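Student: Here is my input; please provide its structure:
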Amino acid sequence: MRNEALVGYLLHQRPYQEKRALYYLFSQQHGVIHGVGKKGAPLFMPLQLFATGQRDLKTFSQIGVASQTTTQTDETQKDSGPNTLGAVLSARPYENITGQQQYSALYLNEILWRLLPTEDPMPVLWQHYENSLRQLRQPLSANELRLCLRQFEHHLFNELGFTLTLTLTHDSAEDVVVPDCCYRFLPDVGLVPVFQNNRQSEHLESATGQTVLMGTDIIQMAKLGITEATLNHWSKLHRQLIDHLLEYQPLQSRLLWQQQQRYQQ
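Tutor: Okay, the predicted model is just below:
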């Protein structure tokens, strides 16, 4: 690419020489792109820039904050609302994310730059990310915040080839999930039947760190999706899958959140 105009969000940065930084940009056009540019680009804000280079590491120039939000213009998508694809820039200023919700935004950034391949366009996921940042700029209850994160993780898993809702109807032997049975969730295998005694299943979960769910809960998750009623179960499932995908390496955003919670106590 040569002086290609990009719109995107900064996911991560590292120092690179005295006045420049190495940027991990989640672009609308090409997915995650690595590039070098002048220091000072902000997180969680829509950026406009130009990218040049044929290799993995691009040169970013004219980096600036887009003081506008995306709106619908595609005639075929007018009925699908303002947060869909086929968007261009139109006037409306952005506000940055503040307070505790910054930790959630940092978490979204970290799982994206650590899990997504480079230069693989993901316009649907890019739009879900922008919608999630928009939600994080609003006042949210604890459950609303958790729902925002779980819903984004769901879209990320779909892009990575893990469609969890399809794995919740049958176990690893392709038998239908039974309400009064317990199941372990193994990311590379699926649901594996275990003890029918609930107390034993709780002990297994505590001892192994694996997610163990009752069949009744799994059936409800498959039926309702991610809702407040099923939120705790989805949180367990998603955390195990994230950890698996990261090869159980710690998330810095999660550690920061935990430190902040301890500080408040």
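Student: show me where the stretch 1-150 of the chain has helices.
Tutor: 101-115, 123-136, 142-160 (DSSP state H, counting those that start in this stretch).
Student: Ok, which of those comes nearest residue 29?
Tutor: Checking those against residue 29 by C-beta to C-beta gives helix 123-136 as the closest, at 8.1 Å. Heads up, the C-betas are built off the backbone N, CA and C, glycines and all.
Student: Next, the angle from that closest one to helix 142-160.
Tutor: Helix 123-136 and helix 142-160 meet at an angle of 170 degrees, taking axes from the mean of the first three to the mean of the last three C-alpha atoms, to 10 degrees as the criterion.
Student: What is the least confident helix or strand in this protein?
Tutor: Least confident helix or strand of the chain, by mean pLDDT, DSSP states H and E, is strand 87-91 with a mean of 35.
Student: Can you give me every residue that contacts residue 7?
Tutor: Residue 7 is in contact with 27-29, 46-48, 66, 89, counting by C-beta atoms under 8 Å, 6 or more residues apart in numbering.
Student: Same question for residue 229.
Tutor: Residue 229 makes contact with residue 220, according to C-beta under 8 Å, 6+ apart.
Student: helix, strand or coil for it?
Tutor: With DSSP: H, G, I helix; E, B strand; the rest coil as the basis, residue 229 sits in coil.
Student: Could you point out which residue ranges in the stretch 151-265 of the chain have low pLDDT?
Tutor: 195-209, 264-265 (pLDDT under 70).
Student: Would you map the helices across it?
Tutor: For the stretch 151-265 of the chain, the helices defined by DSSP H, counting those that start in this stretch cover 164-167, 198-208, 215-224, 231-245, 252-264.
Student: Nearest to residue 181 among those would be which one?
Tutor: Of all the helices of the stretch 151-265 of the chain, it is helix 215-224 that lies closest to residue 181, at 4.6 Å by C-beta to C-beta.
Student: sorry, back to before: could you work out which of the helices of the stretch 151-265 of the chain reaches nearest to residue 186?
Tutor: Here helix 231-245 is closest among those (C-beta to C-beta), at 8.7 Å.
Student: so what does the closest one touch, helix or strand wise?
Tutor: Judged by 3 or more C-beta pairs under 8 Å, 6 or more residues apart in numbering; DSSP states H and E, the packing partners of helix 231-245 are helix 142-160, strand 211-214, helix 215-224.
Student: Dump the helices of the stretch 1-150 of the chain to TSV, plus mean neighbour count.
Tutor: Putting these into TSV (neighbours: other C-beta atoms under 10 Å) gives the following:
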stretch	mean neighbour count
helix 101-115	20
helix 123-136	19
helix 142-160	18
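Student: Format those helices as TSV; extra columns: distance to residue 220.
Tutor: Output for the helices of the stretch 1-150 of the chain, formatted as TSV (distance: least, C-beta to C-beta, whole Å):
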stretch	distance to residue 220
helix 101-115	25
helix 123-136	24
helix 142-160	15
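Student: what's the closest of those to residue 212?
Tutor: Going by C-beta to C-beta, the one of these nearest residue 212 is helix 142-160, 18.7 Å.
Student: So which elements touch the closest one?
Tutor: Judged by 3+ C-beta pairs under 8 Å, 6+ apart, helix 142-160 is in contact with helix 101-115, helix 123-136, helix 231-245.
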